[in-house]
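**Student:** whatever this is, show me its structure:
(2 chains)
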Amino acid sequence: MNLQRYGIIYSALWKNSVAREMSFKGNFLLWIVVELLWFGLQLSFVGVIFRQTESVGTWNQWEMVLLVGASNFIQQIYQAFFLVNCTNLSELIRTGKMDFLLLLPVNTRFIVSLRQVDLGAFVNAVFGLCVMLYAATRLHLHPSALQILGFTGLCVVGILIHYSLMFMLAAVSFWTVRAQGIVWGYYNLFNIARMPDEAFHGAFKAVFTFALPVLLVSNVPTRVLADKLVSPVAWISLLVLGALWALISEWFWRISVRRYTSASS
Amino acid sequence: MRKYLHVINIGIQSNLAYRFNYLTRTLFSFIPLFAMLSLWRTVYAAGDGAREHSGYTQTQIIFYYLMVAVVDVLTAVNEDDWQIAADIREGNISQFLLKPVDYLTYRLCLFVSGRLAYVAMAAVPLALFIFCFRHNVVAPASLAAALAFPVSLVMTALLQFFISYGLAMLAFWLLEISTFIFIVFAFEYLASGHMFPLDMLPPLAQHMLAFTPFPYQLYFPVSIYLGRAAGAELYTGLLIQFAWVAAAYLFARFMWSRGIKKYSAFGG
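**Tutor:** Take a look at the predicted model:
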């Protein structure tokens, strides 16, 4: 019953987003081009790296293309659902528009997190999938149904990790108005997510594997798909850390929203 | 002239109000930079002749990225293009049409003060970061390189600024120009050598890039310092860079004079 109500609300938010996007069609298409260009840049970087060497750790060229594709796919789906909403949070707090959302008879985190949908990102996610498919054929991969299922499930966990972390950073805006810079700073972490985990060592690797698990987010699903999984520890830690960060971010959200004092009008 | 010094002064003060932002931005930018260095170290660790392919030793490639970070801090356009576009859209430029102040010079002063404030905030963390990689740091390749590098650096900054200024003038015709800025930025990111040294590209791509201003927006001063552009190449390079700066300046002036004819002040 409750779920159905939220389903109805969410479909209304979708309709709203579609209407918004379609009122600036040219802009909508241009944004897709922008994202596509950046994706192309990342692929050309892989090309340049493999002009110098045969492999990065154990990753060969097409495995790395698969990784970049998967990382783009995960980032775009994340962007489609959450990115705008996370970056808007500090603006909602600064202008006092949060008042309006707090008064609505729905879960506030739900409405804050999912208010807008970025439709162009779905198109770019499809480009990511196409590149992955091409890389998979070059690697002669024939993933089983279980592998594909595992890949999909781990992608979902990865997206939720990105969301939990970024939403927490956005919630810092309840404590200081200057949080927008921090939220955009998270964007830098997407740059690491598309690099092969074997490129890193020591403290850096530990931090971005166990504390902020961005190195697991695209590497583990790609390894599942490419038969590169060394031990089950990788995907188990992705699941555990996903659950852990979801809990921490919910706790942080709750204590943060208590600090909301609105903006004087 | 005094009035523009005044603008610089005010610009530094207002930019320092964002020092927390500058500091976090600098610190966050170290993460992908460090990741990039780790990635290249892994490439070189394989030892399958990466050096012969690229013509860079591991030390050189690491230093390349450190130099890119330094040149970027000194010359990159920060938010000037967005601010100019907003000035046009919101009608703030009307006051410059009435006052004896040249808008381009005014924005150039703000750009300079923005860079000064940014350098003031980024210098210490960046110096610490480079200190961690001090074994890879090398001196300028030659005396000529040491002298030409700052000259080229100033021209790089001017080139970046004039191109951004000219692009921001699109706001006279279009409501939303951020997509155009991002598209150009994407090209710049690759073609200026931000992602990797341009001489790692296939020869054909290198020849094509030589006809664009992009390499002169970052790659050229770095390659002067590293001694990769030396001798005759250095001097012709400086001349070409100067030509691009002049062309970008004319482009910026041209866009303004065309735009101003189209302009009808909004708001008050």
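
**Student:** how many neighbours does B:F185 have?
**Tutor:** By other CB atoms under 10 Å in any protein chain shown, 19 other residues sit near B:F185. Any C-beta I mention is one placed from the backbone N, CA and C, and that applies to glycine too.

**Student:** need the contact list for the residue sitting nearest the centre point of chain A.
**Tutor:** What sits nearest the mean C-alpha location of chain A, by CA atoms, centre = their mean, is A:Y78, with 3.6 Å. When contacts are counted by CB atoms under 8 Å, 6 or more residues apart in numbering or on different chains, A:Y78 is found next to A:159, A:162-163.

**Student:** roughly how far is the particular helix or strand that has A:E250 in it from the heart of the chain?
**Tutor:** Assigned by DSSP states H and E, A:E250 belongs to helix A:233-257. Relative to its parent chain, helix A:233-257 has a centroid offset of 14 Å by CA atoms, centre = their mean, to the nearest Å.

**Student:** next, the residue nearest to the centre of chain A: secondary structure please.
**Tutor:** Here A:Y78 is recorded as helix under DSSP: H, G, I helix; E, B strand; the rest coil.

**Student:** any idea how far it is from A:Y187?
**Tutor:** 11 Å (CB to CB, to the nearest Å).

**Student:** do the same with B:S113
**Tutor:** 26 Å.

**Student:** for B:K3, same thing?
**Tutor:** Taking CB to CB, one finds B:K3 at 38 Å from A:Y187.

**Student:** let me see the contact set for the residue of the stretch 151-265 of chain A found nearest chain B.
**Tutor:** Closest approach between the stretch 151-265 of chain A and chain B, counting by CB to the nearest CB: A:G185, at 3.6 Å. Listed by CB under 8 Å, 6+ apart, the contact set of A:G185 reads A:169, B:24-25, B:27-28.

**Student:** closest one of those to B:A168?
**Tutor:** For those, the residue nearest B:A168 by CB to CB is B:R25; the value is 20.8 Å.

**Student:** could you pull out the strands for the stretch 1-150 of chain A?
**Tutor:** In the stretch 1-150 of chain A, the strands defined using DSSP state E, counting those that start in this stretch lie at A:55-56, A:59-60.

**Student:** from memory B:S152 sits against B:I224, does it?
**Tutor:** Yes - shown here, B:S152 and B:I224 form a contact pair, counting by CB atoms under 8 Å, at 5.4 Å.

**Student:** who's more crowded, those two?
**Tutor:** Using other CB under 10 Å as the criterion, B:S152 and B:I224 rank with B:I224 on top: 29 against 26.

**Student:** give me every residue that touches the more buried one.
**Tutor:** B:145, B:148-149, B:152, B:230, B:234, B:237.

**Student:** so what touches stretch A:16-30?
**Tutor:** A:116-120, B:176, B:179-180, B:183.

**Student:** for chain A, which residues are neighbours of chain B?
**Tutor:** Applying CB under 8 Å from any CB of the partner chain, we find that chain A lies next to chain B at A:24, A:27, A:30-31, A:33-34, A:37-38, A:41, A:44-45, A:48-49, A:51-57, A:178, A:181-182, A:184-185, A:188-189, A:191-192, A:195-196, A:198-201, A:204.

**Student:** quick check on these: which are buried?
**Tutor:** By neighbour count, with 16 or more other CB atoms under 10 Å in any protein chain shown, those hold A:27, A:30-31, A:34, A:37-38, A:41, A:45, A:48-49, A:52-53, A:55-57, A:181-182, A:185, A:188-189, A:191-192, A:195-196, A:198-200, A:204 as buried.

**Student:** looking at the stretch 1-150 of chain B, which residue is nearest chain A?
**Tutor:** B:F28 (3.6 Å).

**Student:** list the contacts of that residue.
**Tutor:** A:185, A:188.

**Student:** distance check, it against B:D81.
**Tutor:** Taking CB to CB, one finds B:F28 at 21 Å from B:D81.

**Student:** next secondary structure after the lowest-mean-pLDDT helix or strand in chain A?
**Tutor:** The helix or strand of chain A with the lowest confidence, counting by mean pLDDT, DSSP states H and E, is helix A:180-185 at a mean of 72. Counting by DSSP H and E, the next helix or strand C-terminal to helix A:180-185 is helix A:187-193.

**Student:** how far is that next one from where the chain is centred?
**Tutor:** Per CA atoms, centre = their mean, the centroid offset for helix A:187-193 relative to its chain is 10 Å.

**Student:** residues in contact with it?
**Tutor:** A:71, A:74-75, A:162, A:165, A:208, A:212, A:214-215, A:217-218, B:28-29, B:31-32, B:35.

**Student:** out of those, who's nearest A:Q4?
**Tutor:** A:H162 (28.0 Å).

**Student:** report the buried residues of the host helix or strand of B:V124.
**Tutor:** Remark: B:V124 resides in helix B:103-132, with elements defined by DSSP H and E. The neighbour-count criterion (16+ other CB under 10 Å) identifies B:103-104, B:106-115, B:117-118, B:121-122, B:126, B:129-130 as the buried residues of helix B:103-132.

**Student:** same thing with stretch B:166-181?
**Tutor:** Applying 16+ other CB under 10 Å to stretch B:166-181 flags B:166-172, B:177, B:179-181 as buried.

**Student:** from those residues, which are also near chain A?
**Tutor:** Answer for those near chain A (CB under 8 Å from any CB): B:179-180.

**Student:** name the nearest residue to A:Q61, sequence neighbours excluded.
**Tutor:** Spatial nearest neighbour of A:Q61, excluding adjacent residues (CB to CB, 6 or more residues apart in numbering or on different chains): A:F50 at 4.3 Å.

**Student:** quick one: neighbours of residue 142, just the number.
**Tutor:** Because you didn't say which chain, this covers chain A. For A:H142, the neighbour count with other CB under 10 Å is 9.

**Student:** can you look at chain B instead?
**Tutor:** Counted with other CB under 10 Å, residues neighbouring B:S142 total 15.

**Student:** okay, and the spatially closest residue to it that is not a sequence neighbour sits in which element?
**Tutor:** Leaving out its chain neighbours, the residue that sits closest to B:S142 by CB to CB, 6+ apart is B:G227, at 6.2 Å. Secondary structure assignment for B:G227, by DSSP H and E: no helix or strand.
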